[in-house]
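J.: return atomic coordinates for the entry below.
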Amino acid sequence: MTPPPHLDRTLDDLDPPRWPTRAADATQLVRKVHGLRRVPLSELGPADLRTLISQQVALPYVLPLAVALLLEEPLLDAYFYEGDLLLATVDTPASAWALLPDLRARLRTVITALPETAVADLPRGAAEELARFVAAPITSPS
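T.: Prediction:
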C-alpha cells in the first residue's frame, strides 16, 4: 500500500479551517483532539488514530492511515482492547468511505478473512458491526 502523501503535515494544515484555540475549561478529550490536529500525520499512533476516527475528525486523512495498520494487523489493540481500532474504523459514516472505496474494499477483504473465534472474542455487538460493514455496498464518489 502506498503511503499517503503529506505525512509531514498536520491535520490543521490539511483539513481547513484551523481549529481555534481550545477553551480553558475544555474536557480532556477535546484537549486531546485539538492537540492531535497539530501533530504531523507520520507521528500519529494507533491510539491517536482511534481517537480521531471515533470523533470523526478529518476522516479522509486518518482513515487511510488506520487502514494501512489494519491491513497488517486487523485486531490491533490501539488503546482499549484488541480490535478497538478496527471497530472505530468500521463505525465511520458511509459518506467517509464513499471517498475511499478502494480502501474500504481492502478492509472488507481483511474482515471477511478473520477467524470466527477471533471475532467472537471481541466485545458484544462487534460481530454485527463487522457484518454490517462487510454487507454495505461499496460506492464511489460521484
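
J.: drop to CA atoms for contacts and neighbour counts, all remaining ones
T.: Noted.

J.: from memory R37 sits against T10, does it?
T.: Yes - counting by CA atoms under 8 Å, R37 touches T10, with 6.1 Å between them.

J.: and the two? which has more neighbours close in?
T.: Neighbour comparison, R37 and T10: the larger count goes to R37, with 23 against 19 (by other CA atoms under 10 Å).

J.: contact partners for the residue nearest to the more buried one when sequence neighbours are not counted?
T.: Spatial nearest neighbour of R37, chain neighbours left out: L11 (4.8 Å); criterion: CA to CA, 6 or more residues apart in numbering. Shown in contact with L11 (CA atoms under 8 Å, 6 or more residues apart in numbering): L36, R37, R38, V39, P40, L41, A58, Y61.

J.: one more: L71?
T.: Neighbours of L71 in contact, by CA under 8 Å, 6+ apart: R106, L107, V110.

J.: which of the helices or strands spans the first one?
T.: Under the criterion of DSSP states H and E, R106 resides in helix 101-112.

J.: what's that helix packed up against?
T.: Counting contacts by 3 or more CA pairs under 8 Å, 6 or more residues apart in numbering; DSSP states H and E, helix 101-112 packs against helix 59-72, helix 126-135.
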